[in-house]
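Participant: next come a sequence and a model predicted from it.
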Amino acid sequence: MTRGLLIAAPASGTGKTTVMLGLLRALRDRGLSVQPFKCGPDYIDPAFHLAASGRQSSNLDGWAMGRGLLSGLVGLAKDADLALAEGSMGLFDGVQQAGAFSNGSSASIAVETGWPVVLVIDTSGQAQSAAAVALGFARLDPALPFAGVILNRVASPRHERLLRAAFDDLDMPVFGCLPRRKDLALAERHLGLVQAVEHPSLEAAITDYARMLAEHVDLDALIAAAAGRPEPAVLPRLTPPAQRIAIARDQAFSFIYPHLLHLWRDAGAEFSFFSPLADQPPPEADMVWLPGGYPELHAGRIAAAGTFLQGLRDFARTRPVHGECGGYMVLGRSLTDAEGATHRMAGLLGLETSFARRRLNLGYRRARLDGPIGAIPAGSELLGHEFHYSTILAQPDPPLAQVHDATGAQAAQTGSRRGAVTGSFFHMIAAGQDA
C-alpha cells in the first residue's frame with residue numbers, strides 16, 4: 001500500500017504549490033523518500049516537484065486515464081516512504097462526465113487512491129469564516145478522505161488565534177499556519193508558472209519554502225495522517241510511436257508528460273534529446289517528436305536555427321515527425337509572435353499561427369486518428385489536453401484526427417498531416433485502448 005496525502009485548495013492562487021514544494025523538500029531533508037504526483041493535465045508543475053524532491057513526478061488524471069493506468073502510476077511510489085499529490089484548481093473542479101470513471105477533479109483522485117486531503121486555505125481577509133469553508137469541503141462528498149488544513153497567509157498572532165479557535169470548535173486538525181510572505185511567490189505567465197528551467201534561483205526559493213514549512217507545520221502530525229489503499233503496481237502497455245525517438249528538449253520544447261516517457265521506455269522505446277534553440281539537428285532515430293512549450297518566446301532564434309530546421313526537413317523526407325502544440329506550430333509555415341512579427345518555421349506543414357490575435361483554447365480532447373502518428377496506427381483513439389493562446393491563420397493540410405472535447409462536442413482544431421509529418425494542438429496523455 002502506498003501511503004500518501006493530497007495537497008489541495010478551494011481555488012487556484014491559494015499557495016498550494018508553495019506548500020507542496022516546501023513539504024517535498026522539508027520531508028526530504030528529514031531523510032524521507034517522497035514520491036510526488038500532480039493531479040490533472042498540468043504540464044509545468046512536475047518539473048518543480050522533481051527539483052524539490054529529487055524524484056520524477058507523474059500526472060494522475062481521472063478523466064484521461066483509466067483505473068489500470070492510474071493505479072499503475074500510483075505504484076511508482078511503492079519504494080517511497082510517502083506519496084504527495086498536488087491538486088489542480090479547486091478540489092472539486094472538473095469537467096462534465098463524459099464516459100470516464102471520474103470527472104478529472106482532484107477530489108476524484110483522493111477518493112480513488114485513498115489519500116486524505118490536506119486543504120490549503122488562503123485566510124487573507126477572513127478569520128472564523130475559513131472554518132466554514134473547510135467544513136463545506138470536508139463534507140460535500142462523504143467518500144472523500146479528509147485529513148485537515150494548512151492555513152496560509154496568516155496576518156498576525158491574533159489572526160492565528162482566531163483561526164485556530166474556530167477550527168478547534170469543529171475538531172478539525174490544523175497542521176500549520178503559514179505567515180503572509182509576498183516574497184515567496186513564483187513567477188507566472190499565461191500557462192501557469194514560469195518553467196522550472198527558467199528559474200535561476202529556484203533552489204534558493206525551494207530552500208526558503210522548506211524552512212518555512214518546517215518551522216510552521218507539524219510535519220509529524222502530517223505524516224501520521226497519511227493513508228491509502230492497496231493498489232496493483234503493474235502499468236498497462238502503451239504502444240510507442242517508434243522504437244528510437246529523438247525528442248526536442250530545451251526552454252522552447254519541454255511539455256511532454258513524464259509518464260508517457262516511462263510507458264514508452266517500458267515498451268522498448270529508446271530516447272535521444274536535442275536542442276533546437278542550440279541549433280542542433282535531430283540525432284539519428286526512427287522518429288522526431290517536438291513537444292509543446294513556448295516557441296513563441298523564442299521564434300526569432302528558432303527561425304534563425306538553420307542547422308536545426310534543415311536537419312528536420314532532411315529527416316522528414318524518410319521518417320515520421322510529430323509536433324504537439326508548440327512543436328506543431330514549428331512544423332508549420334510561419335509563427336507570428338505577440339508583437340506581430342512573423343517568423344518562418346520548418347514549412348513541413350502548411351499551418352500558420354499567430355499570438356498577435358490571442359485566443360484561449362483549453363480543455364480535454366478525445367481524438368480518433370485519420371492517419372498514423374509514427375507507429376500509432378490510423379483509427380487509434382488518443383486522450384489528451386489542449387491549452388494555448390494561438391490563433392490559426394491557415395491550415396491547408398488534411399486533418400490528423402476527428403477531435404471532440406470532454407462533453408462530446410466536436411473541437412475545431414483537428415491537427416493536420418502531410419505524408420509522415422503530423423501535428424496536433426492537444427498533448428497526448430493516454431491511448432484509449434491502453435488507458
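Facilitator: Everything's here; your move.
Participant: surely Leu163 forms part of a helix?
Facilitator: Yes: Leu163: assigned to a helix according to DSSP: H, G, I helix; E, B strand; the rest coil.
Participant: check the spacing between it and Pro372 real quick.
Facilitator: As judged by CB to CB, to the nearest Å, Leu163 and Pro372 stand 57 Å apart. C-betas here are computed from N, CA, C, even on glycine.
Participant: okay, these two: which has more neighbours?
Facilitator: Using other CB atoms under 10 Å, the more surrounded residue of Leu163 and Pro372 is Leu163, with 23 against 18.
Participant: skip the chain neighbours and tell me the closest residue to that one.
Facilitator: Nearest in space to Leu163, with sequence neighbours left out and distances taken as CB to CB, 6 or more residues apart in numbering, is Leu151 at 5.5 Å.
Participant: just the C-alphas of the helix or strand hosting the one you found, formatted as PDB.
Facilitator: Per DSSP states H and E: Leu151 is located in strand 146-154. Extracted in PDB, the C-alpha atoms of strand 146-154 (Å, rounded to 0.1, in the frame of the first residue of the first chain):
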ATOM      1  CA  PHE A 146     -10.100  14.400   4.600                       C
ATOM      2  CA  ALA A 147      -7.200  15.000   6.900                       C
ATOM      3  CA  GLY A 148      -7.300  18.600   7.900                       C
ATOM      4  CA  VAL A 149      -6.000  22.000   6.800                       C
ATOM      5  CA  ILE A 150      -2.900  24.200   6.400                       C
ATOM      6  CA  LEU A 151      -3.800  27.900   6.800                       C
ATOM      7  CA  ASN A 152      -1.900  30.200   4.500                       C
ATOM      8  CA  ARG A 153      -1.200  34.000   4.600                       C
ATOM      9  CA  VAL A 154      -2.000  34.400   8.200                       C
END
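Participant: that strand pairs with which strands?
Facilitator: strand 117-122 (parallel), strand 174-179 (parallel) (DSSP bridges).
Participant: so which of these is the most packed in?
Facilitator: Ranked by mean neighbour count under mean count of other CB atoms under 10 Å, the strands paired with strand 146-154 are led by strand 117-122, which reaches a mean of 26.
Participant: report the residue ranges of every domain in the chain.
Facilitator: 4-225, 244-431 (automatic domain parsing).
Participant: and those domains, which one is worst for confidence?
Facilitator: The stretch with the lowest mean pLDDT among the domains of the chain is domain 4-225, at a mean of 90.
Participant: so how far is that one off the chain centroid?
Facilitator: Domain 4-225 sits 14 Å away from the centroid of its parent chain (CA atoms, centre = their mean, to the nearest Å).
Participant: check stretch 280-298 too.
Facilitator: Distance, centroid of stretch 280-298 to centroid of chain: 19 Å (CA atoms, centre = their mean).
Participant: just the CA trace of that stretch, in PDB.
Facilitator: Taking Å, rounded to 0.1, in the frame of the first residue of the first chain, the C-alpha atoms of stretch 280-298 are listed here in PDB:
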ATOM      1  CA  GLN A 280      21.200  21.100 -33.100                       C
ATOM      2  CA  PRO A 281      19.800  18.900 -35.800                       C
ATOM      3  CA  PRO A 282      17.800  15.800 -34.800                       C
ATOM      4  CA  PRO A 283      20.100  12.900 -33.900                       C
ATOM      5  CA  GLU A 284      19.800   9.500 -35.700                       C
ATOM      6  CA  ALA A 285      16.500   7.900 -34.800                       C
ATOM      7  CA  ASP A 286      13.300   6.400 -36.200                       C
ATOM      8  CA  MET A 287      11.100   9.400 -35.400                       C
ATOM      9  CA  VAL A 288      11.400  13.000 -34.200                       C
ATOM     10  CA  TRP A 289       9.000  14.300 -31.500                       C
ATOM     11  CA  LEU A 290       8.700  18.000 -31.000                       C
ATOM     12  CA  PRO A 291       6.900  18.600 -27.600                       C
ATOM     13  CA  GLY A 292       5.000  21.700 -26.700                       C
ATOM     14  CA  GLY A 293       6.400  24.600 -24.800                       C
ATOM     15  CA  TYR A 294       7.000  28.300 -25.500                       C
ATOM     16  CA  PRO A 295       8.200  28.600 -29.100                       C
ATOM     17  CA  GLU A 296       6.500  32.000 -29.400                       C
ATOM     18  CA  LEU A 297       9.000  33.400 -26.900                       C
ATOM     19  CA  HIS A 298      11.900  32.100 -29.000                       C
END
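Participant: dump the domains of the chain into JSON lines; add distance to Leu235 as well.
Facilitator: Listed next are those as JSON lines, based on distance: least, CB to CB, whole Å:
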{"stretch": "domain 4-225", "distance to Leu235": "4"}
{"stretch": "domain 244-431", "distance to Leu235": "6"}
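Participant: for those, which one sits closest to Leu238?
Facilitator: Leu238 sits nearest to domain 244-431 of all the domains of the chain, at 3.9 Å, using CB to CB.
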